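>>> need coordinates for the below:
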Amino acid sequence: MTYKLMRQEGYDANHDGLIDKASGVQASFEAGVGGVNAFQVCIVAPDGTTIPADGENATHAGLVVGIAPADIAEGEDGYVQVSGEIANLDWDLDPGEKYFVGPAGTITKMPPEVGFWQKIGVAKDSVTLVIILGEAIEVL
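Below you'll find the model as predicted:
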């Protein structure tokens with residue numbers, strides 16, 4: 001696993017007037033079975049690969065590393081953002097709200113009723129999440 005420091009300032013990658021790229025730290029991983037889709041929350045599996053996190057699976061507690069900013073095909077190397085801002089124009093986040101690891105690599109405002117609770121970050125605006133990983137708490 002390697003770490004790479006991204007840009008220090010935000011920028012408008014697709015020239016639509018919205019800042020959709022921003023600073024943060026990324027780690028490089030090989031994608032495990034099935035790969036990882038863009039904007040899925042990821043864990044490091046026991047074999048060292050990254051796969052989508054599942055907040056309803058207690059065995060994933062303590063293994064969350066961040067969010068993939070792009071698709072990573074099975075067996076290919078790609079980056080997972082572990083801190084800082086990440087923007088997805090398809091999100092409809094509530095600014096100031098905490099978001100948690102949900103099922104199948106999703107983020108959710110409501111932590112799961114089974115599995116574990118872990119804050120993934122806080123919404124800066126409707127399309128930007130500031131990744132601030134919280135402690136994983138197993139649901140009993």
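>>> give me the below-cutoff pLDDT ranges for this protein.
1-23 (pLDDT under 70).
>>> so which elements touch the longest strand along it?
If you go by DSSP state E, the chain has its longest strand at strand 77-87. The elements that strand 77-87 packs onto, with contact taken as 3 or more CB pairs under 8 Å, 6 or more residues apart in numbering; DSSP states H and E, are strand 24-30, strand 64-67, strand 128-131. C-beta coordinates here come from the backbone N, C-alpha and C atoms, glycine included.
>>> ok, Tyr79 - contacts?
Neighbour list for Tyr79: 4, 26-29, 68-70, 72 [criterion: CB atoms under 8 Å, 6 or more residues apart in numbering].
>>> any idea how many residues pack against the closest residue to Gly55 other than its chain neighbours?
Among residues not flanking Gly55 along the chain, Val101 sits closest, at 3.9 Å (CB to CB, 6 or more residues apart in numbering). Residues near Val101, counting by other CB atoms under 10 Å, number 32.
>>> quick one, what contacts Val101?
With CB under 8 Å, 6+ apart, Val101 has these contacts: 41, 53-55, 60, 64, 107-108, 111-112, 116-118, 120.
>>> repeat the analysis, applying 7 Å as the threshold.
41, 53, 55, 64, 118, 120 (CB atoms under 7 Å, 6 or more residues apart in numbering).
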